[in-house]
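> Sequence and predicted structure are below.
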Amino acid sequence: MATVHLPNGLQQFSHGAAALQIDAPHVQALLDILAERFPAMAAPLADMAVAVDGDIYTQPGYQPLRSDSEIHLLPRIAGG
């Protein structure tokens, strides 16, 4: 199962868990599982960038995941 690392801002929705093990074929399925498991997390997830095995994606969509993937959810930073 892939390991999902949550930023501090999302840990309040996961009962304090900083990392979760989730079995998903791609990033969108992983995000759907998180939103289903923790409904209050659904809205904040929409504003996250996703790093998969060290590569950051602002729109990861169907980026495939391996069973040993490391996923980090990252707040997006706006610049100007």
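Received the coordinates, thanks. All values derive from a computational prediction rather than experimental measurement.
> which SS class is the spatially most central residue of the chain?
The residue at the geometric middle of the chain, judged as the C-alpha nearest the mean C-alpha position with CA atoms, centre = their mean, is Leu73 (4.3 Å). At Leu73, secondary structure determined by DSSP: H, G, I helix; E, B strand; the rest coil is strand.
> Neighbouring strands - and their directions - for the worst-scoring helix or strand of the chain on mean pLDDT?
When the helices and strands of the chain are compared on mean pLDDT, DSSP states H and E, strand 55-57 comes out lowest with a mean of 90. Partner strands and pairing direction for strand 55-57 (DSSP bridges) are strand 48-52 (antiparallel).
> List the buried residues for the strand it pairs with?
Met48, Val50, Ala51, Val52 (16 or more other CB atoms under 10 Å). C-beta here means a position set from N, CA and C on the backbone, and glycine is covered the same way.
> now those residues as TSV including pLDDT?
Putting the buried residues of strand 48-52 into TSV (pLDDT from 0 to 100) gives the following:
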residue	pLDDT
Met48	90
Val50	94
Ala51	96
Val52	97
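> Show me what the longest helix seen in the chain is in contact with.
As far as residue count goes, and with DSSP state H defining each element, the longest helix of the chain is helix 27-37. With contact meaning CB atoms under 8 Å, 6 or more residues apart in numbering, helix 27-37 is reached by 2, 4, 20, 22, 24, 41-42, 45, 50, 52, 57, 60-63, 65, 71.
> ok and that helix relative to strand 48-52, angle-wise?
120 degrees (axes from the mean of the first three to the mean of the last three CA atoms, to 10 degrees).
> Can you give me the distance of Gly61 to Ile22?
Distance, Gly61 to Ile22, using CB to CB, to the nearest Å: 17 Å.
> Same check on Leu6?
Spatial separation of Leu6 from Ile22 under the definition CB to CB is 11 Å.
> neighbour-wise, which of these two wins?
The residue with more neighbours, out of Leu6 and Ile22, is Leu6; 22 against 17, by other CB atoms under 10 Å.
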